[in-house]
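A.B. asks: Dropping the sequence and predicted coords here.
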Amino acid sequence: MSDTAPPAPLDGLRFAFGTLTVLPVTVRRWDRRAARPGMLSAPLVGLVVGGCAAVPGLLALLLDAGPLLAAVATVAVPAVLTRGLHLDGLADTADGLGSGKPAEDALRIMKQSDIGPFGVLTLVLVLLAQVAALARMYDDSWARGALAAVVSAVAARLALTLAARAGVPAARPEGLGAAVAGVVPVPGVLAVTALCAAAVAAAGQLLGPYGGRHTVLALAASLAAAELLLRHCTRRFGGITGDVFGGLAETAATTALVALSFGG
């Protein structure tokens, strides 16, 4: 099919789920025309991933395994459903930024198959933060932990929608970054962000009168953290890459979890 032909109604969803998860979805189009609705649909992928992540956590609590094991089980699911690519991207981005080298050399470091010291340290700290935050919330209530799993996964994918907005360049002429860089119009980004904020606020109300405000603030904090990393990577590398996308997703998810763990 020609890349200039308009995508079919489901092509965007296939692109989103087929690119961002290991779920058995047939991607019929992998081009920039399909990437636009695909990246706008990214938070929906987060909703599915977050829902799947909450299930083993709740089962662990039901079996009286404790909040810590419930948190570990929840954190493991997104890693499995993404083949660990987001975590790998986070590690590679940390190595690239930590190298202090010019953009071309830093990008070359990021493409290497091994993980350097900056990447290892970042992975350990991020996973510890995610597990600690979730354990805190599961210890408070099963509902709070499950909601956090969903909200953090949505926040992670919404950060990708924002990173694919018009005006954000790709660092390389190939790869995921080149396929999705700048494909989402800014009005679309704003509309999806507003929809996600309204949805998490409504879900947060289930936890009490201040739950909606808390979840929206956590979502805002996660997007702010991801935006700071995006701007730094754009300055350092000249644009975004697939690794940077992974780093953005994990940054947003971790920030959301930590923010949600406050109070309660």
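C.D. replies: That came through, no problem.
A.B. asks: Check the gap between A60 and I240 for me.
C.D. replies: 36 Å (Cβ to Cβ, to the nearest Å). (Each C-beta comes from the backbone N, C-alpha and C, glycine too.)
A.B. asks: neighbour count winner among those two?
C.D. replies: I240 (28 against 22; other Cβ atoms under 10 Å).
A.B. asks: residue contacts, the more buried one?
C.D. replies: I240 sits next to 163, 168-171, 177, 181, 230, 233-234 when contact means Cβ atoms under 8 Å, 6 or more residues apart in numbering.
A.B. asks: so it bridges to which residues?
C.D. replies: For I240, the beta-bridge partners are A170 (DSSP bridges).
A.B. asks: Can you check what pLDDT the model gives it?
C.D. replies: As predicted, I240 sits at a pLDDT of 93.
A.B. asks: Also the one 4 residues further on?
C.D. replies: According to the per-residue confidence, V244 scores 96 in pLDDT.
A.B. asks: same question, L206
C.D. replies: 84.
A.B. asks: Number the chain from 18, please
C.D. replies: That works, and once the first residue is 18, the last one we named lands at L223.
A.B. asks: Surely it is within a strand?
C.D. replies: No - L223 is assigned helix when assessed by DSSP: H, G, I helix; E, B strand; the rest coil, not a strand.
A.B. asks: Now do it: how many residues are near it, please.
C.D. replies: With other Cβ under 10 Å as criterion, L223 counts 12.
A.B. asks: and for the helix or strand bottoming out on mean pLDDT in the chain, what are the contacting residues?
C.D. replies: Lowest on mean pLDDT, DSSP states H and E among the helices and strands of the chain sits helix 192-197, with a mean of 84. With contacts defined as Cβ under 8 Å, 6+ apart, helix 192-197 is touched by 36, 47-49, 52, 55-56, 181, 187-189, 256-259, 261-262.
A.B. asks: Buried residues in stretch 173-189, which are they?
C.D. replies: 173-182, 185, 187-189 (16 or more other Cβ atoms under 10 Å).
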